[in-house]
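Novice: Provide a 3D model corresponding to the input given below.
(2 chains)
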Amino acid sequence: MGDVSELFPLIVRMDEDGELVGDLGLVTKQDLVDVYREMRLLRAFDERAWNLQRQGVIGTYAPFKGQEAAQLGATKPLDDSDWLVPTYRDWAAGYVRGVPVTHGLFFSKGHPRVGDVPKSANVLPAQVVIGAQTLHGVGVAWAAKLKHERTATVVTFGDGSTSQGDFHEAMNFASVFSVPLIFFCENNQWAISVPIERQMRAKTIAQRALAYDMEGYRVDGNDYVAVYNLIAELAGRVRNGEGPFLVEAVTYRLGAHTTADDPSKYRVEAEEERWARRDPISRIEKFLLRESLIDEEQIQAVDVAAKAWVEEVLADFKAELSISSSVLFQSVYAEMPQSLANQFDQYMKRVKEVGA
Amino acid sequence: MALTATEAGTRKLSTAKAMVEGIAQEMERDPSIFVMGEDVGAYGGIFSSTTGLLERFGKDRVIDTPISETAFLGLATGAATEGMRPIVELMFVDFFGVAMDQIYNHMAKIHFESGGNVKVPLVLMTAVGGGYSDGAQHSQCLWGTFAHLPGMKVVVPSNPADAKGLMIAAIRDDNPVIYMFHKGVMGLPWMAKNPRAIGTVPEGDYQVPIGSASVVRAGKDVTIVTLSLSVHHCLDVAEELAQEGISCEVIDLRSLVPLDRRTVLESVGKTGRMVVVDEDYQSFGLSGELAAIVAETDPGMLRRPLARVAVPDVPIPYSRPLEQAVLPTHSRIAAAIRKTVA
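Specialist: Numbering: from 1, shown residues only, chains lettered A, B, ... in the order given. I've put the predicted structure just below:
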C-alpha cells in the first residue's frame, strides 16, 4: 500500500497571498467583501473576550482566532433547516446560524442563557467534553433521516477529538446507517500542548474516512473560498442521501487553548509566525485590495465598525447578567422530584438565615 | 547530604511540588514506574502535578498521550499486569465517564477475576473539585462513586505532606489506587490563594499509610468529618467558632478506601455530635456512609441529629455565584456546626 495521504490532497482556492489558485466557485466578490467584514467583527469580539477574562469579567474562554474561515465556510452554505452540532470554540460558526455571539460570553460565565439557543438556529448547545458531540451529531442526522427530512447536519470537532473512541464509533455508526452528516474537523494543530503528530501517526485526518468507507476531504481551513465551496457541494449531496462525509479543515489555533493556557510553554514563536502569515482574514484583505473591491479607508472603517459592534455586544451581555439562584434546582429534572424540592426548601431557608 | 532536623522540618513545598517530589523519588528508585496522561510532558500537567518530570526522566517515562482516556487507562492496566507500575493522570475526574469500563470492570477486577494471580499496581491520579468556575463537567469530586466500587483503593490528600506521603504509598501499593487531588489545594498561582496549599514536607522516603485518617484539630463539642479542600474550610471555621466557645474536632479522612472507621467512631463517641462536610453530591455518597457507620455501631451515639454539608443533588454550576451557593462554604459549614451544638 502506498502513502494513502496522497489520496487526500489539500484543496486550496485562494492562497495565503490572496492569489486565486482556483476559481471562486459559488462565492461572489460581494460575498467576500461581506465575509471579510464579518470575520473582522468576530475577530474583534474574540480578542475582546480574551481581555474580558483577564479583567475578571468572564470566566474561562476558548478563543477561535485563526479559525474564522473554517467556521464561516462550514456554516454559510447551510440552509435554515440544516443543523450545526458545535464545540466550545465555535462561536463564529454558531453566530452564522443565528446564535447570538454573546453566548460565548454567557458560556464563560456559566449563565443559564447559554442554553437558550434560538430554536430557528438548529444548533445544539456547545459541547465541552472532547469528541462527545460527534455521537450527538450522528443522532441528529439519524433523526432527520428517520423523519424523511432533506437536511444536512454538520458536527464540528478538533484534531484531538479524533483520538477519542467516541469519534471512531460515531464514524462507524454514521457510515453503517448512511446518515446525512458532515464530520467537520477543525484541525488547528494543537490539543492544548499536544501537537497533531503526537496525536496520530497518520499524515492526515481525512484519510481516517477510508476505514469507514466514507469519502474524506482535506481543505485549507484558512481559505474561506475553498471551505465554502466544498461544504456547499457536500451539504447538497448529503441532502440527497449520499452522506456521510469527513472533512479535515487544516487551520491553526493562533491563540491559546483557553484563557487558562500559555502556549509559550510548548510551542515555538517561529511556528506561530508562519501560521500568522496564513491568516484567513489577511488573505481575503489582500485579494480585495488587489481587486480594488476595498481600499485602505474602508479597511479603517471596518476597524471602527468592529469596535462599535463589540461595544453593542457587550452592552447586551451586561444587561442580562443577573441570575436567580432558583435555576440551580429548577432545571435538573423536567419536574422537580420531592427529594430535590426538599433540598431546595432547605437551601432557601439557609439563604434566608445565613445569606449563603 | 543529611539535613539537620530543623532543616528537614521547615522545608515548605506546595501540594503540587510535593506530589512531583514523591513521584520523582519513586521513579529514581524503581525503573518500572512511568507517568502517562494528557499534557503531562512539556506542559507539566495542567494542575502542575508532573512539572519537571519530562526534563528529568525523558519522554519514554513521561508520556503525553493522544486524547483517549479509554486507551491509556486500558494500556496502563495491561502494563501493570506485566510488571510495570504506571502512574496515569486522568486530567479531570469528570472525564472518567469515557473510560469507566476500563476503570471499574478491568483495572479494579482483574485481580479478583484471576483468583489473585494477576496484580494491577497502578496509580490513577486525577484532579477533582470546584470553586473556580469550571462548570458541571470539570468541577465534580466523585470520590463517592469510586469508593462505592470494589477493587480500588481511594486516597484524597488535603495538604503537601500527605500528598507526598500518600503518593509514595500509592505507588508501592499492589492494588490500583485512585489518587484524587483537589485543584484548590495544589498551590497554583491562578487559583484562589490558599495558605495551607504550601506546607512542611518531610524529605526522603516518607509514606502516609493508606486507610489512616488524621485528627487535624482536637476538640470536644462536635466532630467534623471531612476531606480534601473542605478540611481547610473546616479548620478556618473551627478557629472562628473557638472564639464563641465551640470546640470542634476536625478529622481529615485522607483515605476513603479503606476508610478509617475507628478514628471517626472514637471521635463521635467522645463528642456525641457529627457534621459531615463533603464536596461531593449529597445523596447516596460519603455523608450517608458515615451516618450509616455511626448508626450501625450505636444509634445512641449521637446526642443531636447529624448535619451534612454537601453539594445538593444538582449539577455544579459554572456561574460563580451559583457555584458558591452549592459548595460547602465557610458560612454553610459554620451554620451547620452552630445548629448541631445548639
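Novice: what's the pLDDT at the residue in the stretch 51-200 of chain A that chain B sits nearest to?
Specialist: Closest contact between the stretch 51-200 of chain A and chain B, by Cβ to the nearest Cβ, is at A:G110 (2.3 Å). Any C-beta I mention is one placed from the backbone N, CA and C, and that applies to glycine too. A:G110 is assigned 85 on the pLDDT scale.
Novice: and if you look at B:V216?
Specialist: B:V216 is given a pLDDT of 98.
Novice: coming back round to it: can you get me a residue count around the residue of the stretch 51-200 of chain A closest to chain B?
Specialist: Number of residues near A:G110 (other Cβ atoms under 10 Å in any protein chain shown) recorded here: 24.
Novice: ok, for it, nearest residue in space, not its chain neighbours?
Specialist: In space, A:G110 comes closest to B:Y318 once its chain neighbours are excluded; the distance is 2.3 Å by Cβ to Cβ, 6 or more residues apart in numbering or on different chains.
Novice: what's near enough to touch that neighbour?
Specialist: A:G59, A:K109, A:G110, B:S133, B:D134, B:G135, B:A136, B:S139 (Cβ atoms under 8 Å, 6 or more residues apart in numbering or on different chains).
Novice: got it, and A:G221?
Specialist: Neighbours of A:G221 in contact, by Cβ under 8 Å, 6+ apart: A:Q67, A:A69, A:A70, A:G73, A:E186, A:N187, A:N188, A:V227, A:A249, A:V250, A:T251, A:P280.
Novice: Tell me which of these fall in helices.
Specialist: Judged by DSSP state H, those include A:A69, A:A70, A:G73, A:V227, A:P280 as members of helices.
Novice: Please look at B:A169 and B:Y206 and confirm they touch.
Specialist: No - counting by Cβ atoms under 8 Å, B:A169 does not reach B:Y206; the two are 9.4 Å apart.
Novice: These two: who's more crowded?
Specialist: With neighbours defined as other Cβ under 10 Å, B:A169 and B:Y206 compare such that B:A169 has more, 24 against 19.
Novice: Check the contacts of A:G221 for burial and list the buried ones.
Specialist: Neighbour-count burial (16 or more other Cβ atoms under 10 Å in any protein chain shown) is assigned, among the contacts of A:G221, to A:Q67, A:A69, A:A70, A:G73, A:E186, A:N187, A:N188, A:V227, A:A249, A:V250, A:T251, A:P280.
Novice: What is the burial count for residue 264?
Specialist: Just so you know, I chose chain A. Neighbours of A:S264 (other Cβ under 10 Å): 10.
Novice: hm, I was asking about chain B
Specialist: Neighbourhood size, B:V264 [other Cβ under 10 Å]: 21.
Novice: Apart from its neighbours in sequence, what residue is nearest the residue of chain A positioned farthest from its centre?
Specialist: The outermost residue of chain A relative to its centre, with distances by Cα atoms, centre = their mean, is A:E353 at 45.0 Å. Leaving aside its sequence neighbours, A:E353 sits nearest to B:A335 (Cβ to Cβ, 6+ apart; 6.9 Å).
Novice: The one you found: neighbour count?
Specialist: 19.
Novice: Can you tell me how far it is from B:M152?
Specialist: 35 Å (Cβ to Cβ, to the nearest Å).
Novice: same check, this time on A:D295
Specialist: As judged by Cβ to Cβ, A:D295 and B:M152 stand 67 Å apart.
Novice: Ok, B:P312 next?
Specialist: Distance, B:P312 to B:M152, by Cβ to Cβ: 27 Å.
Novice: For the buried ones among the contacts of A:G221, give me TSV that also has distance to A:E233 and pLDDT.
Specialist: TSV is the format used below for these (distance: Cβ to Cβ, whole Å; pLDDT from 0 to 100):
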residue	distance to A:E233	pLDDT
A:Q67	21	98
A:A69	17	98
A:A70	16	98
A:G73	12	98
A:E186	19	98
A:N187	20	98
A:N188	23	97
A:V227	11	98
A:A249	14	98
A:V250	18	98
A:T251	20	98
A:P280	20	98
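Novice: would you list those in JSON lines and tack on distance to chain B?
Specialist: Listed next are the buried ones among the contacts of A:G221 as JSON lines, based on distance: Cβ to the nearest Cβ, whole Å:
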{"residue": "A:Q67", "distance to chain B": "18"}
{"residue": "A:A69", "distance to chain B": "24"}
{"residue": "A:A70", "distance to chain B": "19"}
{"residue": "A:G73", "distance to chain B": "25"}
{"residue": "A:E186", "distance to chain B": "14"}
{"residue": "A:N187", "distance to chain B": "13"}
{"residue": "A:N188", "distance to chain B": "13"}
{"residue": "A:V227", "distance to chain B": "24"}
{"residue": "A:A249", "distance to chain B": "18"}
{"residue": "A:V250", "distance to chain B": "18"}
{"residue": "A:T251", "distance to chain B": "18"}
{"residue": "A:P280", "distance to chain B": "25"}
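Novice: just so I have it, where are all the strands in the stretch 51-200 of chain A?
Specialist: A:83-85, A:153-158, A:181-187, A:190-191, A:194-195 (DSSP state E, counting those that start in this stretch).
Novice: Nearest to A:L289 among those strands would be which one?
Specialist: Nearest to A:L289, of all those, is strand A:181-187, at 27.3 Å by Cβ to Cβ.
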